[in-house]
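Asks: below are the sequence and a predicted model; questions follow.
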Amino acid sequence: MIDVLAKDKDIHSFLEYDDTKKKCKNPNGPLANIPCGVKDNIAVEGFHLTCASKILENFVSPYNATAVEKLEEAGAVVVGKTNMDEFGMGSSTDFSAFGGTNNPWNKEYVTGGSSGGSAAAVAADLVPFALGSDTGGSIRQPAAFCGVYGLKPTYGAVSRYGLVAYASSLDVIGVLSKDLDLTEKVFKVIRGQDWRDQTSIAYPEEPAKPRNGKLSFTYLEGDLGLTPEIEKGYKALIQKIKDKGFEIKGVQVPSLEYVIPVYYTIATAEASANLARYNGIRYGHRSKEGETPMDLMEKSRNEGFGDEVKLRILLGTYVLRSGFQDQYYIKAQKIRTKVIDDFKKIFSTSDIFVAPAFPSQAFKHGNAGLTAYQQKVADKFTVTANLTGMPALSIPVGMENGLPVGMQLFANYCCENLLFDAAREVL
């Protein structure tokens, strides 16, 4: 047995770790006695549910998320809550109120975000798998940075009950692991309809089949703005697919030019509504300085939220203002429909869409890395899966300069099995 806390001291992947709180509920289950981490925006009874924010610093969850319930029924044991960017808002896990997480491959570099704690815990062999959430790439980008698999499922395939909402039409609970088979096994356990989440769906019993009996691929071509290391890995993956005899063709997707403004318009608008509940009155941080209800709310939110969260709330409130909603939010939803149509066309002729996960490898912490704005712009390859609701899988394809290189595979709705089949074929 490894000393997890000692090994995690320089990584800081866990915000809370206690392997005695939970016991195996099903010794004969498919995940019997397998320890796992859970991102700290997913409810686990008896553990804190902080979302890496001071506003929820002392909040302990009184219940389990549906995904956690299903894991426990399958025999898995939750051993801790993993670090993240506050409320899922960030691409580095440096936006945590309780300190950032270091990349296990090189501690001067970030893990990616917002599920960086889950990715780091898996990469450092602290747990075999971890749950994360993905709103715009928050599973796939840290998975790519840490050299592990990261699955963002079809929207609705996994119940969001017990997931603290950031952007409700984009949020998905997913899986990170070094083991592709384990990633698939965990997904099969947690998927399915849940009466407590009206957006959840009855997942098809029959696995999807390739269109023509054999997997066919499409890849994103054009000037993608990749660093030399990522471009090398991307070209090598495409060549490998060709060498294995699969049909693969390049395609350009003009609507990708708009996905970043569309995503951040929709995500911040939904965030401003979802985070309105943190007012210092019912639960969470309450300021000691407030003299009136309005003053209490203002001071509690100012003290409890970090700068990145405040920025996104302000942006979201702005785009939902009277007179601005049609100009920004409604227009963004219309462009979102166009993006969905573009990807439906792609999957009408092929099974798997191949793209980079991020334009670069993991970047350094602080001023030596990317600014918050640069991180947002770089999300262009991941946010499409959230805007369309389609599944995507981040896969490790190699190492450059001592850091992992990751790519991602997309598939049509409820075709996760094709993603796993494709990963096995091309890796």
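Replies: On my side now, so go ahead. Numbers count the residues shown, from 1 in each chain.
Asks: and Ala65, how far from Arg196?
Replies: As for Ala65, its distance to Arg196 is 10 Å (criterion: C-beta to C-beta, to the nearest Å). No exception for glycine: its C-beta is placed from N, CA and C like everyone else's.
Asks: so what sits against both of those two?
Replies: Common neighbours of Ala65 and Arg196, using C-beta atoms under 8 Å, 6 or more residues apart in numbering, are 159, 161.
Asks: the two - which one has more neighbours?
Replies: Using other C-beta atoms under 10 Å as the criterion, Ala65 and Arg196 rank with Ala65 on top: 29 against 11.
Asks: what residues are up against the more buried one?
Replies: So Ala65 contacts 42-44, 159, 161-163, 173 (C-beta under 8 Å, 6+ apart).
Asks: and the closest residue to it other than its chain neighbours, what does it touch?
Replies: In space, and not counting its chain neighbours, Ala65 is closest to Gly162: 2.3 Å by C-beta to C-beta, 6 or more residues apart in numbering. Contact analysis of Gly162 by C-beta under 8 Å, 6+ apart lists 42-43, 61, 63-68.
Asks: give me that answer again for 7 Å
Replies: Each residue near Gly162 by C-beta atoms under 7 Å, 6 or more residues apart in numbering is listed here: 42-43, 63-68.
Asks: kindly export stretch 143-157 (C-alpha atoms) in CSV.
Replies: Extracted in CSV, the C-alpha atoms of stretch 143-157 (Å, rounded to 0.1, in the frame of the first residue of the first chain):
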residue,chain,number,x,y,z
ALA,A,143,-6.4,14.1,-19.2
ALA,A,144,-4.2,15.2,-22.2
PHE,A,145,-1.9,17.2,-20.0
CYS,A,146,-1.4,14.3,-17.5
GLY,A,147,-1.2,11.4,-20.0
VAL,A,148,-4.4,9.5,-19.1
TYR,A,149,-7.7,8.7,-20.7
GLY,A,150,-10.6,11.2,-20.2
LEU,A,151,-14.2,10.5,-21.2
LYS,A,152,-16.8,13.2,-21.7
PRO,A,153,-20.0,11.2,-22.2
THR,A,154,-23.1,12.1,-24.3
TYR,A,155,-25.1,14.8,-22.5
GLY,A,156,-27.7,13.1,-20.4
ALA,A,157,-26.0,9.7,-20.5
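Asks: where does Ser118 land in three-state SS?
Replies: Local secondary structure at Ser118 is given as helix here, using DSSP: H, G, I helix; E, B strand; the rest coil.
Asks: I'd say it and Ala130 touch.
Replies: Yes. Contact criterion C-beta atoms under 7 Å: Ser118 and Ala130 qualify, at 3.7 Å.
Asks: now the strands for this structure?
Replies: In the chain, the strands defined using DSSP state E lie at 14-17, 35-39, 77-82, 102-103, 106-110, 129-134, 149-152, 172-177, 216-220, 247-251, 352-356, 392-400, 403-410.
Asks: in the helix or strand of the chain with the lowest mean pLDDT, what counts as buried?
Replies: In the chain, the helix or strand scored least confidently by mean pLDDT, DSSP states H and E is helix 372-377, which has a mean of 89. By 16 or more other C-beta atoms under 10 Å, the buried positions in helix 372-377 come out as 375-376.
Asks: if we can go back for a sec, where do the contact lists of Ser118 and Ala130 overlap?
Replies: Here Ser118 and Ala130 share the contacting residues 37, 82, 176, scored by C-beta under 7 Å, 6+ apart.
Asks: which one is Leu49 nearest to, not counting chain neighbours?
Replies: Ser61 (4.2 Å).
Asks: give me phi/psi at the residue nearest to Ala65?
Replies: Phi and psi for Gly162, reported as degrees, to the nearest 10, are phi 100, psi 0.
Asks: would you format the contacts of Ala65 as TSV with distance to Glu247 and pLDDT included?
Replies: TSV is the format used below for the contacts of Ala65 (distance: C-beta to C-beta, whole Å; pLDDT from 0 to 100):
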residue	distance to Glu247	pLDDT
Ile42	39	98
Ala43	44	98
Val44	44	98
Ser159	36	98
Tyr161	40	98
Gly162	41	98
Leu163	38	98
Ile173	33	98
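Asks: closest to Glu291 among the residues you listed?
Replies: Ala43 (33.3 Å; C-beta to C-beta).
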